[in-house]
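> Sharing a model that was predicted from the sequence below.
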Amino acid sequence: MKTHILNQLINFFWMALCCTPLLWYWLLAGWDVWAWIFITVSCVMGLLPRPLLRWTQLATTRRGFEKLGVKTIRKLTQNGDWANAATRNTGNTVVNLTGAEKYRATINMYERFHLICGFFFLFSGLHAFTFGHWMLGVLILAANLVFNVAAIILQQYNRMRIDRLTREVL
């Protein structure tokens, strides 16, 4: 229970911090047809079949992910190193092949969620620049890196680790 509460607090912190500039911008600019277009295109991008999303793969090796900062990202997220240490949780999510498949489905869901959000943040940031809201545009794009790109890096890294472990078992 303690682990669950801490993870939810971490999740709420990052969501509140990173979504604030986005919400602030759309409240300031006014929700218009562009917002609906951005949501639609973002959802379409996030719902594409996996083979069509290969171009979103940010690295293919452990070293590549480490260069992108995955070790730091792992420390700061829900179910991350610091959260597990604070609650004395082992963090072992996968103990067999069934668990690996279940975890892979969770990874895919999180990656797609952050891909959809990432495109919406990107389009919103560009919209802010287009209409002269430079500071909000910068804040939205910075929040996109922290909230979405970092999460995508982590999910892709986790998928690579699970794929390697299941190949070794099979």
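Great, that's in hand.

> Spatially nearest residue to Leu122 (excluding sequence neighbours)?
Asn144 (6.0 Å; C-beta to C-beta, 6 or more residues apart in numbering). C-beta: built from backbone N, CA, C; applies to glycine.

> Which SSE is immediately downstream of the helix or strand of the chain with the lowest mean pLDDT?
Least confident element among the helices and strands of the chain, by mean pLDDT, DSSP states H and E: helix 81-86 (a mean of 70). The first helix or strand that comes after helix 81-86 along the chain, using DSSP states H and E, is helix 97-130.

> one step back: show me what the mean pLDDT comes to for the one helix or strand the residue nearest to Leu122 maps to.
Here Asn144, judged by DSSP H and E, is contained in helix 134-144. For helix 134-144, mean pLDDT rounds to 98.

> Residues contacting it, please?
By C-beta atoms under 8 Å, 6 or more residues apart in numbering, the surrounding residues in contact with helix 134-144 are 17-22, 24-25, 28, 118, 121-122, 124-126, 128-129.

> Helix or strand next in line after that helix, which one?
helix 150-169.

> Return the distance of that following helix from the chain's centre.
Averaging C-alpha positions (C-alpha atoms, centre = their mean, to the nearest Å) puts helix 150-169 14 Å from its chain's average.

> tilt between it and helix 134-144?
Going by axes from the mean of the first three to the mean of the last three C-alpha atoms, to 10 degrees, helix 150-169 is angled at 20 degrees with respect to helix 134-144.

> Point out where the protein drops to low pLDDT.
Flagging of the chain using pLDDT under 70 yields the residue ranges 1, 80-81, 83-84, 89-93, 170.

> that older thread, return a PyMOL selection command for the buried portion of the contacts of helix 134-144.
Under the burial definition 16 or more other C-beta atoms under 10 Å, those of the contacts of helix 134-144 that qualify are selected in PyMOL by:
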select buried, resi 18+21+22+25+118+121+122+124+125+128
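
> wait, isn't Phe121 in contact with Leu23?
No - judged on C-beta atoms under 8 Å, Phe121 makes no contact with Leu23 at a distance of 11.3 Å.

> Just the C-alphas of stretch 151-158, formatted as PDB.
Extracted in PDB, the C-alpha atoms of stretch 151-158 (Å, rounded to 0.1, in the frame of the first residue of the first chain):
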ATOM      1  CA  ALA A 151       8.800   8.200 -20.500                       C
ATOM      2  CA  ILE A 152       9.100   6.900 -24.000                       C
ATOM      3  CA  ILE A 153      12.800   6.400 -23.500                       C
ATOM      4  CA  LEU A 154      12.200   4.500 -20.300                       C
ATOM      5  CA  GLN A 155       9.400   2.300 -21.900                       C
ATOM      6  CA  GLN A 156      11.600   1.500 -24.900                       C
ATOM      7  CA  TYR A 157      14.500   0.600 -22.600                       C
ATOM      8  CA  ASN A 158      12.200  -1.600 -20.500                       C
END
